[in-house]
Structures are given as structure tokens and as C-alpha cells.
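# Sequence first, predicted model second:
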Amino acid sequence: QLTAGLRAEDGARLLSALDFVYESYAGKRVPTGQDAMAFARGVASALASLKTDVDTRIAGLLFELPLLDSVKAEQIEPHFGKEVADMVAGIRQLMKLHEANFVAPEQGKTKSSAASQLETLRKMMLAMATDMRVVLVRLASRLVTLRFFAEHKLENATSLSYARETFDLYAPLANRLGIWQLKWELEDLSFRFTEPAN
């Protein structure tokens, strides 16, 4: 599934990336609570379903490495090349940009100012991602997180916050990029948390 549609040599590169992160991810969790290796494989699988190239899938496997094993992360470029290393750096920057700038609409905040803030953030994300594949990895990672929340029936403040962010930011991004399959699934999963009674 991870290597679907790839040439044999590219498939081998992708599997070598799995081996590369295995020890660093083993027994660790990403900030959302998911097992690090299961999360990485999920992101790469989602990217494979979008028929992305091998470097995008490798970046999907590796982008949590700087957070979980910064020493090993320094070896990304020697092992997988500058293109993959740049993508990993770009994904981490997008995550930091999002954390620093996104504020969920609150009571007392006008709808227009909230919409303006979100539009600004969307533009910042697209402008910052000089390589559109960086945005694809970010969208795939959000999809995998929502699938995890749904599978484990995690209905709490965190899952609700992620669902609202997805409606406001990630689903519109997928729509802009014309990735309808991703947009629909992001929205469908988000509804499970924002409208649990339906």
C-alpha cells in the first residue's frame, strides 16, 4: 500500500525510510497521542492514495523525526537528499506557523474578523509552502489524526478543537487544491465531533 504506483527502486527507497525511523519512533507517541510509527505509516498511506511521488511519501514518514529524535533528523539530507530534507523542514515550519497564528473563533469575536484571520492564515500557509507537496503532507497528517480520533471514539475538547480547525482551515485548503476526496473525508470526520448526535 505504501509503495503503490512506485517503481521498484523508489519503493525500496521508501521502505528504507521506514527502517531509518524505526528505532527513533519505536515506543514513542506524537503530540496527539498516536503511536509514532503507526502515525507515520498512516500519513504515507494517505499520500500513496493521492498518487504522490516517492519523496513526498518519504517526507510524510520523516517529518516527526526532528521532534522525536533531533540527532537522527540531522541525517535526513545525507540519506534522502536535499529535496526531502527541505520538505521536512517546510512541514515543521507550517506546523509552527499554524500553532503561532491560528486562534479558534471565540465568543465576542465577530465572524468577519475570524474569517479574515483564517483567510490570512490560508494565504500564509500557501505562500510559505513553495513546494505544494508540503501542504499535501500537512493535509494527510490531519486526516490521519482525525481517523485516529474517530477510531478511538475520542470525543473531548481536543478532538472538537481539531474538528473545528479542520472545517475552518484544512478542508478549505483541500478544496482550493482540488483534492475533493480529501476535502470530503476531512469534512465527514469533522462532523463526527462537531455534530456527535447526528
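That came through fine. Numbers count the residues shown, from 1 in each chain.
# Just want the most central residue of this structure.
residue 141 (2.3 Å; C-alpha atoms, centre = their mean).
# Quick check: closest non-adjacent residue to that one.
Using C-beta to C-beta, 6 or more residues apart in numbering and skipping residues adjacent in sequence, the residue nearest residue 141 is residue 43, 5.1 Å away. All C-beta atoms are positioned from the backbone trio N, CA, C, and that covers glycine.
# What is the strand or helix carrying the one you found packed up against?
Using DSSP states H and E, residue 43 sits in helix 36-49. Packing partners of helix 36-49 (3 or more C-beta pairs under 8 Å, 6 or more residues apart in numbering; DSSP states H and E): helix 8-25, helix 54-62, helix 132-151.
# if you compare those, which one is most tucked away?
helix 54-62 (a mean of 27; mean count of other C-beta atoms under 10 Å).
# quick check: angle from it to helix 8-25?
Angle, helix 54-62 to helix 8-25, by axes from the mean of the first three to the mean of the last three C-alpha atoms, to 10 degrees: 10 degrees.
# Packing partners of the helix or strand just after helix 54-62?
The helix or strand immediately downstream of helix 54-62 is helix 65-68, counting by DSSP H and E. Applying 3+ C-beta pairs under 8 Å, 6+ apart, one finds that helix 65-68 contacts helix 8-25, helix 70-73, helix 82-101.
# Buried ones in the longest one, by neighbour count?
Pointing back at helix 82-101 there. Across helix 82-101, burial judged by 16 or more other C-beta atoms under 10 Å covers 83-92, 94-95, 98.
# now do the shortest one
Of the residues in helix 70-73, 72-73 count as buried by neighbour count, 16+ other C-beta under 10 Å.
# That helix - what's its average pLDDT?
With pLDDT averaged residue by residue, helix 70-73 scores 97.
# where in this structure is pLDDT low?
Along the chain, the parts satisfying pLDDT under 70 run over 98-114, 116-117, 120, 123-124, 127-129, 197-198.
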